[in-house]
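>>> model the structure of this input:
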Amino acid sequence: MNCDLSPLSATNSAKQLERSKKMENAEQEFVSVVREYERVIYKVCYLYTTPNATLNDLYQEVVLNLWKAFPKFRRECKISTWIYRIALNTCISFIRKEKNIPEIVTLNQEADRTEETDETQAMLRQLYRMINRLGQLEKSIILLYLEEKSYEEIAEITGLTLTNVATKLSRIKDKLKRMNKEE
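Have a look, this model is predicted:
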């Protein structure tokens, strides 16, 4: 048996053990973060699911990109902001790859599976149908707004200025009101 018991070998083993523990902690933290924000990630993916893509495929793509970027997360912003940003970018990139598909699946797909039980559900389905007709950036902004993100958070996630977010949000609301009157 050829075991190296030199101090250098012991130091290397200690460093490897420390590195291994850090990786294990990072993995546990990542799993915890994904579980905590799973609903949010699914919502973003749901908005961008195309007829040729399944929701789970897009969700897995987002989680994979989150995993790749997790070691680089510097905690300079909220984790939710960081997750939204990666999820939106992944979904938009996914849509660009699928550009030959002319329309996006309706948001009320899941709601159609259940019976209409009350007026609120009917109104929500109508709202999601209207949101589905918006452009990609508009969808992103209104999704974040409906998730009760502040204008500052929306600006940080989308890369827009605060003024631009306020202006776009106002226009989106007006557009949705017009769509509602038309239906």
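
>>> spatially central, which residue of this structure would that be?
Residue closest to the average C-alpha location in the chain (CA atoms, centre = their mean): Ala87, at 3.1 Å.

>>> got the contact list for it?
Ala87 makes contact with Val40, Ile41, Val44, Cys45, Val62, Leu66, according to CB atoms under 8 Å, 6 or more residues apart in numbering. For the C-beta atoms, the positions are set from N, CA and C on the backbone; glycine is no exception.

>>> what does Glu147 show for phi and psi?
phi -80, psi 10 (degrees, to the nearest 10).

>>> burial measure for the closest residue to it other than its chain neighbours, as a count.
Nearest residue to Glu147 in three dimensions, chain neighbours excluded: Val40, at 6.8 Å (CB to CB, 6 or more residues apart in numbering). Per other CB atoms under 10 Å, the neighbour tally for Val40 reads 16.

>>> same check, this time on Thr120
8.

>>> right, and the helix or strand after the helix or strand bottoming out on mean pLDDT in the chain?
Least confident element among the helices and strands of the chain, by mean pLDDT, DSSP states H and E: helix 109-112 (a mean of 46). Later in the chain than helix 109-112, the nearest helix or strand by DSSP states H and E is helix 119-132.

>>> for the following helix or strand past that next one, the averaged confidence score.
Next in sequence after helix 119-132, counting helices and strands by DSSP H and E, comes helix 136-146. Per-residue pLDDT over helix 136-146 has a mean of 89.
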